[in-house]
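Asker: Next one to model:
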Amino acid sequence: MIPRTAADPPPRLTLAIEPARAALNIAELVGFRLAGLPRGDGRPVLVSPGLCNTDRSNFVLRAMLRRLGYRPYPWKLGRNFGVRTVGPECERLIARVEEIQRETGQKVTLVGVSLGGVMSRIVAHRHPELVRAVLTISSPFAGLPSATNVWRPFQLFTGEKITDPVVVGRLQEAARPLPMPSAAIWSRSDGFVNGLICREGEGAACRAIEVRSSHLFVQMKPKVLRAVAETLGSWI
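Answerer: Below you'll find the model as predicted:
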């Protein structure tokens, strides 16, 4: 149950079982332990949510980062409705990164889930002086929105059309290789977005980390949490 090519959306059956698989992600948290994971160095980490989500969706991820010794920050921008939330030029998210950089005196590591990851890459391209590294989780930054099952909700909640030249240009910007360390966690069996467009191509500098997961609550899956901790630890 995987897309045949990077241009195809996930099969309908994969989409249909997303809620059940998401419930399993949460259930697996019962056995999750931090033992053996690399410790953090106190660096600031800004965690951004996916479409229609708020900071509450990332509380488990931020709690793990805090316990490992990082300084995790919520984005504090409310529910993610795309440009309606961050502004047409991502200016509100950029301002949040600037605020954290001023407070800590350090470049900020950006961790973004789904749409939040796409936005994180755009911010990093536009302000590399503020960003230390970028880690995306199931973020469809490297392909067409039509290769997802959520392009209609995207249009509804953001007020943008996926064929709009501004939207196309923004996605092309997000897809460009980043000038700082980057990694992308992705799933071939994602029911919302084609996992093949959630990482750069073969041989790219952006490290691709494949997991088997639903899209819903992917940031709560123990394997994903471990991948986040190990990736950030490798950048110390």
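Asker: Can you name the residues that contact L65?
Answerer: 40, 45, 47, 72, 228-229, 232 (C-beta atoms under 8 Å, 6 or more residues apart in numbering). C-beta: built from backbone N, CA, C; applies to glycine.
Asker: May I see the buried residues of stretch 13-26?
Answerer: By 16 or more other C-beta atoms under 10 Å, the buried positions in stretch 13-26 come out as 14-15, 18, 21-22, 25.
Asker: cool, stretch 141-152 as well?
Answerer: Buried-residue list, stretch 141-152, by 16+ other C-beta under 10 Å: 141-145, 147-151.
Asker: Could you do stretch 204-218 as well?
Answerer: Within stretch 204-218, the residues scored as buried using 16+ other C-beta under 10 Å are 206, 209, 211, 213-218.
Asker: do the same with stretch 104-122
Answerer: For stretch 104-122, burial by neighbour count (16+ other C-beta under 10 Å) applies to 107-122.
Asker: that older thread, take the buried residues of stretch 141-152 and keep only those in helices.
Answerer: If you go by DSSP state H, these have W151 in helices.
Asker: ok, the buried residues of stretch 141-152 vs R92, which is closest?
Answerer: Set against R92, the nearest of those by C-beta to C-beta is F141 (19.4 Å).
Asker: of the buried residues of stretch 141-152, closest to I197?
Answerer: G143 (2.7 Å).
Asker: Lowest pLDDT pick from the buried residues of stretch 13-26?
Answerer: Note: of those, the lowest pLDDT belongs to N25, at 92.
Asker: is it true that it lies in a helix?
Answerer: Yes - counting by DSSP: H, G, I helix; E, B strand; the rest coil, N25 is part of a helix.
Asker: Next up, the contacts around it.
Answerer: 213-214, 216-218, 220-221.
Asker: one step back: and the buried residues of stretch 204-218, which of them are in strands?
Answerer: 209, 211 (DSSP state E).
Asker: Tell me how many other residues surround E91.
Answerer: 13 (other C-beta atoms under 10 Å).
Asker: how far away is it from W151?
Answerer: Here the criterion is C-beta to C-beta, to the nearest Å. By it, E91 lies 24 Å from W151.
Asker: Could you do R96 as well?
Answerer: Applying C-beta to C-beta, one obtains 26 Å for the distance of R96 from W151.
Asker: doesn't L135 fall inside a strand?
Answerer: Yes - counting by three-state DSSP, L135 falls inside a strand.
Asker: In the sheet, which residues pair with it? Tell me.
Answerer: Bridge pairing for L135 (DSSP bridges) gives the partners V111, A183.
Asker: ok, back up a step: name the nearest of the buried residues of stretch 141-152 relative to G87.
Answerer: Scanning the buried residues of stretch 141-152 for proximity to G87, where the rule is C-beta to C-beta, the winner is F141, at 18.6 Å.
Asker: ok, the closest one to E89 distance?
Answerer: 17 Å.
Asker: Kindly report the same for V30.
Answerer: Taking C-beta to C-beta, one finds V30 at 42 Å from E89.
Asker: So for those two, which residue has more residues nearby?
Answerer: Using other C-beta under 10 Å, the more surrounded residue of V30 and E89 is E89, with 12 against 7.
Asker: Doesn't the more buried one belong to a strand?
Answerer: No - checked against three-state DSSP, E89 lies outside a strand; its state is coil.
Asker: dump the residue contacts of it.
Answerer: No residues are in contact with E89 under the rule C-beta under 8 Å, 6+ apart.
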